[in-house]
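# take a look and give me a structure for this.
(2 chains)
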Amino acid sequence: MTITDVQSTAPNAQGYRAFTLGGFHFRRDEFFVHISWPTGKHVASIDAFLRALQRDVAWDFFYGTVNFDQVFGTVNHYGTVDMFAGRFNDAYRRAELDHTENFETPIIRETFKAILADWTNAAFDPFASPAETAKPFGNKDGDNIAAVTRRRISASRMVGVPSDEQIRTDESGFPVNRMFADVSQDEPEVHANPGFEGDVAAFNLFAYLSRSDVTWNPSVVSVCKDSLYCPTTEEYILPIVHGNDRVEWFLQLSDEIIWDVQDRDTGAPRAKVTMKAGDVAAMPADIRHQGYSPKRSMLLVWENGDPGLPERISKGLENVYPVEF
Amino acid sequence: MTSYVTQFGSLDSYEKGGIEIINDDPKHFVFSNIFEVANGARPYEKVAVAKNTKYVVEAVRTEGTSGWRTCAHDEFVTVLDGEVKVELVKLDTPAVPADKEGSVAVAGEPTGQAMGHLILRRGHQGLLPANSAYRFVAERPGVLIQQTIQGDDTIERWAEICLS
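Numbers count the residues shown, from 1 in each chain, chains lettered A, B, ... in the order given. Now for the predicted structure:
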């Protein structure tokens, strides 16, 4: 799959190409994305759309459902991806206006990457806090390919282990974020006897997170078989509403996040979860959630990467709740 | 320029959040606080605070010297409060079968080559390599979390630690 397989038009009056994938059509103007499909159409802020699109692309469609908003999104089937409109919106479903198409992952991946590359202007970084980037509005003004194609960090054992992902430093281009200026940068003492340098290892996770240049972007720092520690730094609003296809856990490492929890399929509100430093909570496998972080905070997202989990849960072989008590 | 203060928790100072239920059961969120759990735990008890099928994250109160443990797979510890020394020994012979999951106690002193040690403070994450023996030494009470698989010494006390 290459970009030549992506269906797009010549630039419009604002300088942006339009894109088509299956029955879905995407175009942008100065302020909005316009999405249409055989049974309807949708308009959304280009700011919110690009932030959501950036996560969907970077996470390769993540675990389960990525709702861009209450209408549009994707469902990952790990090899193919559903693109939908209204599928998880009760009103659209009742009106039978919802629409879903399934695509091989490479074609939707390349189409989304092409949209993101073409519609992101030079001064806008969709991964950044809104307080740390320019606005995405207006006519086309260059591009920001480096920002939208960041490499996703994924340790194979643990950050800091020789030959694995390395810590962040000023020299490697990761200064301490303005909201984490008070976070200690001291490194652990590692005293490895000769021959054990590859196994005696440690790093400062909090310092590592304080130097993250992105928000709402879990990345793997340690791996215990399918158990993945995916910490992330959060500021403002999670740009997507994540629908779980498995249980996911949050361990709040610093500050505070408020989570709106809704029914995964209908969007009906179920709970509001406020997490402070040291709090732990599960996100069940039948919900969708969106977080609000008033100050940049550190969140340990803990995932179970077992590829068989979604099918076992859908067949009722695993509970949607992690613990019975 | 605004001066921001990052709020971390500790055994002595933490503030617990909560759940506002609209149409659900608070038990579904298995909500607890690591510092509260550690405050109610004995030193080096491994109390599960998160569980996903066989995988767990355990909260551990570090205080004094722990017994030796070993595990057939890698584990990881992250210190959330205090300071802890992690001593590591490469066992001459693995003490557990390769398919045994979770940590187990090592009887007596481990037999093997000293690998070295780590000194971890708040925010530091360390590797407990597979088939090593390890123990913790903490002069003052602290807290760590351990990324591992549910094993013989994992303690589950969900009804005691979770909101309901």
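# check contacts around whatever residue of chain A ends up closest to chain B.
Using Cβ to the nearest Cβ, the point where chain A gets nearest to chain B is residue A:206, with a distance of 2.9 Å. Bear in mind the C-beta positions are built from the backbone N, C-alpha and C, glycine included. With contacts taken as Cβ atoms under 8 Å, 6 or more residues apart in numbering or on different chains, residue A:206 has the following neighbours: A:183, A:184, A:253, A:254, A:298, B:8, B:122, B:123, B:124.
# likewise for residue B:49?
When contacts are counted by Cβ under 8 Å, 6+ apart, residue B:49 touches A:251, A:280, B:32, B:34, B:37, B:57, B:58, B:59, B:145, B:161.
# out of those residues, name the ones that lie in helices.
Those of those mapping onto helices are B:34, B:37, B:161, per DSSP state H.
# and these, which is closest to chain A?
Using Cβ to the nearest Cβ, residue B:34 is the member of the ones in helices among the contacts of residue B:49 that lies nearest chain A, at 4.5 Å.
# ok, the closest one to residue B:144 distance?
Shown here: residue B:34 relative to residue B:144, a distance of 9 Å by Cβ to Cβ, to the nearest Å.
# just residue A:83 next, same as before
43 Å.
# before we move on, what about residue A:104?
Relative to residue B:144, residue A:104 is positioned 44 Å away (Cβ to Cβ).
# please say which of those two ends up with more neighbours.
For the pair residue A:104 and residue B:144, the greater number of neighbours falls to residue B:144 (28 against 11), based on other Cβ atoms under 10 Å in any protein chain shown.
# hey, what's that one bridged with?
residue B:60, residue B:79 (DSSP bridges).
# my read: it touches residue B:79, true?
Yes. Counting by Cβ atoms under 8 Å, residue B:144 sits close enough to residue B:79 to count as a contact (4.8 Å).
# how about the contacts made by the closest residue to chain A within chain B?
Per Cβ to the nearest Cβ, residue B:123 is where chain B lies closest to chain A, at 2.9 Å. With contacts defined as Cβ under 8 Å, 6+ apart, the neighbours of residue B:123 are A:183, A:184, A:204, A:205, A:206, A:207, B:8, B:78, B:79, B:80.
# report the buried members of the residues you listed.
The neighbour-count test (16 or more other Cβ atoms under 10 Å in any protein chain shown) applied to the contacts of residue B:123 identifies A:183, A:204, A:205, A:206, A:207, B:8, B:78, B:79, B:80 as buried.
# if we can go back for a sec, same list (the contacts of residue B:123) but as a markdown table, adding pLDDT.
Compiled in a markdown table, these are given as follows (pLDDT from 0 to 100):
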| residue | pLDDT |
| --- | --- |
| A:183 | 98 |
| A:184 | 98 |
| A:204 | 98 |
| A:205 | 98 |
| A:206 | 98 |
| A:207 | 98 |
| B:8 | 98 |
| B:78 | 98 |
| B:79 | 98 |
| B:80 | 98 |
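# so which of the residues you listed are in strands?
Applying DSSP state E to the contacts of residue B:123, the entries found in strands are A:204, B:78, B:79, B:80.
# is chain B within reach of stretch A:124-141?
No. Applying Cβ under 8 Å from any Cβ of the partner chain, one finds stretch A:124-141 separated from chain B by no less than 10.4 Å.
# ok, and for that stretch, which residues are buried?
The neighbour-count criterion (16+ other Cβ under 10 Å) identifies A:124, A:125, A:126, A:127, A:128, A:129, A:132, A:133, A:136, A:138, A:140 as the buried residues of stretch A:124-141.
# cool, stretch B:131-145 as well?
In stretch B:131-145, residues buried by neighbour count (16+ other Cβ under 10 Å) are B:131-138, B:141-145.
# which of those residues fall within strands?
B:132, B:133, B:134, B:135, B:136, B:137, B:138, B:141, B:142, B:143, B:144, B:145.
# would you check which pair of the residues you listed lies furthest apart?
Farthest apart among those by Cβ to Cβ are B:132 and B:141. That separation is 25.0 Å.
# just for chain B, where's the confidence low?
Counting by pLDDT under 70, chain B has low-confidence residues at B:1.
# just the helices in it please.
Per DSSP H, chain B has helices spanning B:34-39, B:158-161. These are given in chain order.
# deepest of these, which one?
Across the helices of chain B, the average number of neighbours (mean count of other Cβ atoms under 10 Å in any protein chain shown) peaks for helix B:34-39, which reaches a mean of 24.
# so how far is it off the chain centroid?
Remark: helix B:34-39 is offset 11 Å from the chain centroid, using Cα atoms, centre = their mean, to the nearest Å.
# residues making contact with it?
Under the contact criterion Cβ under 8 Å, 6+ apart, helix B:34-39 has outside partners A:251, A:278-280, B:9-11, B:14, B:16, B:47, B:49, B:59-61, B:80-81, B:143, B:145, B:161.
# quick one: low-confidence ranges for chain A?
For chain A, the stretches flagged by pLDDT under 70 are A:1-4.
# look up how far residue A:95 lies from residue A:242.
When distances are taken as Cβ to Cβ, residue A:242 and residue A:95 turn out to be 25 Å apart.
# also residue B:93?
Between residue B:93 and residue A:95 the distance is 67 Å, computed by Cβ to Cβ.
# neighbour count: those two, which is higher?
Regarding residue B:93 and residue A:95, a neighbour count based on other Cβ under 10 Å identifies residue A:95 as having more, with 12 against 7.
# returning to what we had before: I'd like the contacts of residue B:123 laid out as a markdown table, including distance to residue A:294.
Output for those, formatted as a markdown table (distance: Cβ to Cβ, whole Å):
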| residue | distance to residue A:294 |
| --- | --- |
| A:183 | 17 |
| A:184 | 22 |
| A:204 | 25 |
| A:205 | 22 |
| A:206 | 19 |
| A:207 | 22 |
| B:8 | 16 |
| B:78 | 24 |
| B:79 | 26 |
| B:80 | 21 |
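# and which of those residues is nearest residue A:61?
Distances from residue A:61 to the contacts of residue B:123, taken as Cβ to Cβ, are shortest for residue A:205 (26.7 Å).
# surely that closest one and residue B:77 touch.
No. Using Cβ under 8 Å, residue A:205 and residue B:77 do not qualify as a contacting pair, with a distance of 10.7 Å.
# find the residues that touch each one of those two.
residue B:125.
# all strands of the stretch 51-200 of chain A, in order?
Secondary structure of the stretch 51-200 of chain A (DSSP state E, counting those that start in this stretch): strands at A:65-67, A:72-76, A:80-85, A:99-104, A:189-192.
# and what of chain B?
Secondary structure of chain B by DSSP E: the strands cover B:18-21, B:32-33, B:46-52, B:55-65, B:69-70, B:75-81, B:84-91, B:104-105, B:112-120, B:124-128, B:132-149, B:154-155.
# so is the last one next to chain A?
Put plainly, it is strand B:154-155. No. Using Cβ under 8 Å from any Cβ, we find that strand B:154-155 stays clear of chain A, coming within 12.4 Å at best.
# sheet partners, orientation included, of that strand?
Strand B:154-155 has its sheet partners listed here by DSSP bridges as strand B:46-52 (parallel).
# next, the angle strand B:132-149 makes with the partner strand.
Per axes from the mean of the first three to the mean of the last three Cα atoms, to 10 degrees, the angle that strand B:46-52 makes with strand B:132-149 is 40 degrees.
# and strand B:46-52, C-alpha only, in CSV?
Listed next in CSV are the C-alpha coordinates belonging to strand B:46-52 (Å, rounded to 0.1, in the frame of the first residue of the first chain):
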residue,chain,number,x,y,z
LYS,B,46,1.7,-8.1,47.6
VAL,B,47,-1.8,-6.7,47.4
ALA,B,48,-3.4,-6.7,44.0
VAL,B,49,-4.8,-3.3,43.1
ALA,B,50,-5.4,-4.1,39.4
LYS,B,51,-6.1,-7.4,37.6
ASN,B,52,-6.6,-8.2,34.0
